[in-house]
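Trainee: How does the following fold in three dimensions:
(one chain, ligands or ions: 2)
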Amino acid sequence: MVMIGGEMWAQLGSLIASFMFLYAIFEQYFPYELRRRLQSYTQKLMNFIYPYIQITFHEFTGERYMKRSEAFMNIQTYLSKNSSVKAKRLKADFVKDRQTPLVLSMDENEEITDEFKGELVTGSYLNHVLDQGKAISVENRQLKLYTNNSSDNWYGYKSTKWSHVVFEHPATFETLAMERKKKEEILDDLVKFSKGKEYYAKIGKAWKRGYLLYGPPGTGKSTMVAAMANFLNYDIYDLELTAVKDNSELRRLLIETSGKSIIVIEDIDCSLDLTGQRAAKKKEKDEDEDEGAKDPVRKKAEKEENKGSKVTLSGLLNFIDGLWSACGGERIIVFTTNFVDKLDPALIRRGRMDKHIELSYCSFEAFKELAKNYLDVDSHHLFDRIDELLKETNMTPADVAENLLLKSVNEDVDVCFENLIKALEVAKEEAGKKAEEEARLKEEKEKEKSAQQDVKSNGTSVVEDVKENGVKENVKDNGVKENGVKENGVKENVKENGVKENGATH
Ligand SMILES: Nc1ncnc2c1ncn2[C@@H]1O[C@H](COP(=O)(O)OP(=O)(O)OP(=O)(O)O)[C@@H](O)[C@H]1O
Ligand SMILES: [Mg+2]
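Mentor: Ligands and ions are numbered 1, 2, ... in the order given. Okay, the predicted model is just below:
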């Protein structure tokens, strides 16, 4: 390093001052055209003397520089890893597991020189940097769990549409209890998808896949999403639909997701009024009700409800397989639900939700996996009894697992299995009682129904008489459409005869 003394400082100061003075004159008195020419010649001269080219990668790209460049991140990762040996100023980061507690990388504004086969940088070197960068970031990657922010917080300094935390769910496919065959099928499907970049391009499909996970509560739907993320090393975007105001917000959220990710909408049946039947029912209700007749409290409640999400079924369908959904690729979309029958068929047809996976009550095979995981036991004399009981009654893997958890130092394997057997027996007894009760209720209902039918059949005969006399004649006389006549003819007749209006219009 060169030391600069006091005298030299003075000289340097006057040199800078003269330069500034000359530059000001140049700016002021040289016409713009001349200045431009002079600058371009200087550039040419520089290029002649200086043999290097400069390639700039911007950190942010896209419209208004909103999107972080993937190439930039890969290069950064590559340089960080390969240059930390040479650089003098280093930056340290923590990564989740303890085997690699510290990741060292180059500090801001630190410069280093990298060598690669002495080749032209635009050729294989850049590709090498990008590929290596990607590979290193996969290796060091911490999975992230994102959740969408309300759009009120989308703008302003450092605001984002998604917030994230480090994803640390320990679930894996090894710990997930389900039939081996089914599990292997899912794993195969996932592997095929994650390696299918060329295949999807070849068949002309966007590189994404939809999974519908359905089954009763506590059968492992959410656990499976976590296992998928851990298996594929993908981030999770947990999309809370009720916080999304409308379809265009939904689209913007989608654009902001990165590749190698699972986008999950949990309990899709509860998130929105997307179910076929409910939509029909609502229409019916609206038709029935006169606006003015609604009581004010209810009106207000409905207004509040409407203020929430305006995402529509078609908006969601577009989110899944519209043109925007192909941006980026390598995304898995997962819906979970407890009531698959309630969903609109358009939402879950193949092609949108490519794979439907039912997660059901605990089978003996699933129980054995849980026993192995929780207690390290492959076989036990109580297994036969458990097998029998599991066939006779329904218990979710969550409940079975709860019984297999060692809760105190006094508990051992035998106690756990005995507890499970007790719980299964209780469940069986309760299910039996419930079935009896249901059968009794059904019987009562049927009795009631047949009694009502008796009453009705007497009633309708009167109405039919009325129809015969009133309506048909009217039709003939006036030549008016039957519908219109019914309204006038029947209702009036009914009133005269004292029969209920409902009965009459049947
Ligand atoms: N198949 C399974 N294998 C292993 N553990 C399971 C399984 N199913 C459930 N569990 C256990 O039960 C708990 C609840 O499961 P999970 O949250 O995945 O259920 P879910 O199907 O998502 O329920 P919900 O419909 O209420 O969201 C988990 O913490 C997990 O430990
Ligand atoms: Mg769940």
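Trainee: and E358, how far is that from L212?
Mentor: 9 Å (CB to CB, to the nearest Å). C-betas here are computed from N, CA, C, even on glycine.
Trainee: Tell me which of those two has more neighbours.
Mentor: L212 (22 against 12; other CB atoms under 10 Å).
Trainee: hang on, the earlier thing: shared neighbours, E358 and L212?
Mentor: Counting by CB atoms under 8 Å, 6 or more residues apart in numbering, the contacts common to E358 and L212 are V340.
Trainee: Mind checking what secondary structure the residue nearest to L176 when sequence neighbours are not counted has?
Mentor: Leaving aside its sequence neighbours, L176 sits nearest to A227 (CB to CB, 6 or more residues apart in numbering; 5.1 Å). The three-state label given to A227 by DSSP: H, G, I helix; E, B strand; the rest coil is helix.
Trainee: who's in contact with A227?
Mentor: 171-173, 175-176.
Trainee: can you rerun that using 7 Å?
Mentor: For A227, the contact set (CB atoms under 7 Å, 6 or more residues apart in numbering) comprises 171-173, 176.
Trainee: L382 now?
Mentor: Contacts of L382 (CB under 7 Å, 6+ apart): 417, 421.
Trainee: and what of F231?
Mentor: 172-173, 190.
Trainee: Would you tell me which residues of this protein are close to ligand 2?
Mentor: Contacts of the chain with ligand 2, taken as CB under 5 Å from the ion, map to 221-222.
Trainee: before we move on, which element is the closest residue to ligand 2 within the chain in?
Mentor: The minimum distance from the chain to ligand 2, using CB to the ion, falls at S222 (3.2 Å). For S222, the host element (DSSP states H and E) is helix 221-232.
Trainee: by contact count, what packs against the helix or strand just after that helix?
Mentor: Downstream of helix 221-232, the first helix or strand assigned by DSSP H and E is strand 235-238. Contacts defined by 3 or more CB pairs under 7 Å, 6 or more residues apart in numbering; DSSP states H and E place strand 235-238 against strand 144-148, strand 261-265.
Trainee: I'd like to check the angle between whichever helix or strand comes after strand 235-238 and strand 261-265, please.
Mentor: Remark: after strand 235-238, the chain's next helix or strand is helix 247-255, criterion DSSP H and E. Relative orientation of helix 247-255 versus strand 261-265 (axes from the mean of the first three to the mean of the last three CA atoms, to 10 degrees): 150 degrees.
Trainee: Show me what helix 247-255 is packed up against.
Mentor: So helix 247-255, by 3+ CB pairs under 7 Å, 6+ apart, packs with helix 313-321.
Trainee: continuing past the helix it packs on, what's the next helix or strand?
Mentor: Per DSSP H and E, the first helix or strand lying C-terminal to helix 313-321 is strand 331-337.
Trainee: Could you list the paired strands of that following strand along with their orientation?
Mentor: Strand 331-337 has the following sheet partners, assigned by DSSP bridges: strand 208-214 (parallel), strand 261-265 (parallel).
Trainee: Which of those sits closest to ligand 1?
Mentor: Closest to ligand 1 of the strands paired with strand 331-337, according to CB to the nearest ligand atom: strand 208-214, at 7.6 Å.
Trainee: looking only at pLDDT, what's the mean for that closest one?
Mentor: What strand 208-214 shows for mean pLDDT is 93.
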